[in-house]
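Peer 1: The sequence and its predicted three-dimensional model are supplied below.
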Amino acid sequence: MDSQQSRVLVQLRDLILKGGFGPGERLAEIPLAERLGASRTPVRLALTSLEHEGLIEPSSAGGYQMRRFTAQEIADAIRVRGVIEGLALRLLAEDGAPRQLLRELHDCLDAGDQVVNKATMELDDYAAYVEMNDRFHSLVVEGCGNSTVQRMMVLLDSKPFAAPSAMLPMQSSMKEGHQWMQHAHRTHHAMVQAIEKGQGYRAQALGEEHVEIARMNLDYALERPELATELMPGMKLVAARAR
């Protein structure tokens with residue numbers, strides 16, 4: 001994949017995940033090329049890749065259109081992420097993590113402690129936590145040394161609201177959001193401890209349990225669709241759960 005095609009793919013995926021298109025909206029090559037300042041060929045190739053990722057679908061009128069996602073699809077993707085990250089954590093614990101990686105993980109723990117242990121968290125604190133959280137989970141996946149795990153995580157990160165920090169905007173709006181963030185960060189500490197002690201099964205279990213907070217945030221978002229769409233515009237792509 002050349003640099004322009006890669007850039008167009010990243011831009012289009014980002015637009016989709018941020019709610020730049022509505023469900024059923026047609027994705028025509030020429031308007032997209034003009035919007036992105038690119039030629040039609042990389043746009044066409046990017047659309048093919050996005051269909052392969054499951055983000056868009058063929059249109060009956062030709063070309064592609066934005067698809068709608070079910071709440072179950074999102075929950076399933078989050079759960080699979082827990083399994084994949086759990087495996088990455090187990091590999092690190094059983095194979096031994098390099099000292100540099102452990103230092104970087106501890107840097108993440110320290111950065112998280114600085115924001116979640118405040119009496120109250122401001123908007124900048126939540127932003128700092130998101131940055132730390134993304135960094136922590138990237139270090140785990142990149143550091144485990146398993147290329148298949150890494151490829152699977154890239155695919156999962158392209159799914160709506162399946163990435164590690166994707167549901168955190170909802171958590172920041174919850175009355176108990178600060179407490180849940182403290183709980184999640186205590187789990188980060190436990191993960192690193194399990195890695196350092198070589199406790200593979202414990203590390204794996206922590207990774208799988210960790211994503212339950214994201215699934216809770218998803219339920220909270222589905223119960224409050226207007227707030228969810230305001231905080232996370234991409235939620236308009238998720239079909240309301242049947243009552």
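Peer 2: Received, thanks.

Peer 1: Could you list every helix and strand in contact with the helix or strand of the chain with the lowest mean pLDDT?
Peer 2: Lowest by mean pLDDT, DSSP states H and E among the helices and strands of the chain is helix 168-173, with a mean of 75. Secondary-structure packing of helix 168-173 (3 or more C-beta pairs under 8 Å, 6 or more residues apart in numbering; DSSP states H and E): helix 123-143, helix 177-196, helix 212-223, helix 225-231. For every residue, glycine as well, the C-beta is placed using N, CA and C.

Peer 1: what about the spatially closest residue to Leu9 that is not a sequence neighbour, helix or strand, and which?
Peer 2: Nearest non-adjacent residue to Leu9, counting by C-beta to C-beta, 6 or more residues apart in numbering: Ala46, 4.2 Å away. For Ala46, the element it lies in under DSSP states H and E is helix 40-53.

Peer 1: Can you report how many residues lie near Leu27?
Peer 2: 22 (other C-beta atoms under 10 Å).

Peer 1: Read off the pLDDT value for it.
Peer 2: We have a pLDDT of 94 for Leu27.

Peer 1: got a list of contacts for stretch 130-150?
Peer 2: 84-85, 87-89, 91-92, 95, 97-98, 101, 104-105, 108-109, 111-112, 115, 153, 163-165, 168, 184, 188, 191, 207 (C-beta atoms under 8 Å, 6 or more residues apart in numbering).

Peer 1: Where does pLDDT dip in the protein?
Peer 2: 1-2, 241-243 (pLDDT under 70).

Peer 1: Grab the longest helix from it for me.
Peer 2: helix 71-95 (DSSP state H).

Peer 1: ok and the next helix or strand after that helix relative to helix 71-95, angle-wise?
Peer 2: Next helix or strand after helix 71-95 toward the C-terminus (DSSP H and E): helix 99-116. Counting by axes from the mean of the first three to the mean of the last three C-alpha atoms, to 10 degrees, helix 99-116 lies at 130 degrees to helix 71-95.

Peer 1: From the contact counts, what lies against helix 99-116?
Peer 2: Counting contacts by 3+ C-beta pairs under 8 Å, 6+ apart, helix 99-116 packs against helix 123-143, helix 177-196.

Peer 1: what comes into contact with the helix holding Ala46?
Peer 2: Contacts of helix 40-53 (C-beta under 8 Å, 6+ apart): 1-2, 4-5, 7-9, 12-13, 16, 27, 29-30, 32-33, 36, 56-58, 63-64, 155, 158-159.

Peer 1: Quick one: distance of it to the chain centre.
Peer 2: How far helix 40-53 lies from its chain's middle: 21 Å, per C-alpha atoms, centre = their mean, to the nearest Å.

Peer 1: do stretch 35-47 as well
Peer 2: Distance, centroid of stretch 35-47 to centroid of chain: 25 Å (C-alpha atoms, centre = their mean).

Peer 1: just stretch 164-182 next, same as before
Peer 2: Per C-alpha atoms, centre = their mean, the centroid offset for stretch 164-182 relative to its chain is 14 Å.

Peer 1: ditto for stretch 88-99
Peer 2: For stretch 88-99, the gap between its own C-alpha mean and the chain's C-alpha mean amounts to 22 Å (C-alpha atoms, centre = their mean).
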